[in-house]
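Q: Following is a predicted model, sequence given first.
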Amino acid sequence: QVQLVESGGGLVQAGGSLRLSCAASGRTVDNYDLGWFRQAPGKEREFVAAISTSTGSTYYADSLKGRFTISRDNAKNTMYLQMNSLKPEDTAVYYCAADWFYSHLVEGRAGAVDYWGKGTLVTVSS
């Protein structure tokens, strides 16, 4: 069992920055790769970024490359998402995800993800 708790969401003006955190816990958490998804009102949950636990490699949704940066502090079992140059279209609930298979995350297979956090709301005003 893995527990994921997101934090860091809030209201920010367009062009601003936010850093989200995801605290992961559980006896087997080190075996899971982590990622971020987001879901805007009326839209499907979409992949944002993922990071491999074993290699540290990262992967991003094409549309977000250059603005978002994913990182992980293994000692703290915490994952981060640094979001810069935010746009109103980035407004969404951001979810932390954990999966045994890195491919499930990078392929955006939300339905296959093993564990989810409850999400944190990011609102970007114009």
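A: Structure's in. What do you need?
Q: okay, CA-based contacts and neighbour counts for the rest of this
A: OK.
Q: okay, the residue nearest in space to the middle of the chain: pLDDT?
A: The chain has W36 as the residue nearest its centroid, 1.9 Å off, counting by Cα atoms, centre = their mean. W36 carries a pLDDT value of 98.
Q: which is the next helix or strand following the helix or strand bottoming out on mean pLDDT in the chain?
A: Across the helices and strands of the chain, mean pLDDT, DSSP states H and E gives its lowest value to helix 102-106, namely a mean of 92. Counting by DSSP states H and E, the next helix or strand C-terminal to helix 102-106 is strand 115-116.
Q: Work out the sheet partners of the next helix or strand after that next one and label each with its direction, please.
A: Following strand 115-116 in sequence order, the next helix or strand is strand 120-125 (DSSP H and E). Sheet pairing here is set by DSSP bridges, and for strand 120-125 it gives strand 10-13 (parallel), strand 92-99 (antiparallel).
Q: Ok, which of those strands comes nearest A40?
A: Proximity to A40 (Cα to Cα) singles out strand 92-99 among the strands paired with strand 120-125, at 4.2 Å.
Q: what sits against the residue nearest to the centre of the chain?
A: W36 makes contacts with F47, V48, A49, A50, L81, Y94, Y95, C96, A97, as judged by Cα atoms under 8 Å, 6 or more residues apart in numbering.
Q: where's the fourth one, which helix or strand?
A: When elements are assigned from DSSP H and E, A50 belongs to strand 46-51.
Q: low-scoring stretches of the protein, by residue?
A: Along the chain, no part satisfies pLDDT under 70.
Q: if we can go back for a sec, most tightly surrounded among the strands paired with strand 120-125?
A: strand 92-99 (a mean of 25; mean count of other Cα atoms under 10 Å).
Q: Parallel or antiparallel, which strands does the helix or strand following the strand holding A50 pair with?
A: Next helix or strand after strand 46-51 toward the C-terminus (DSSP H and E): strand 58-60. Here strand 58-60 is paired, per DSSP bridges, with strand 46-51 (antiparallel).
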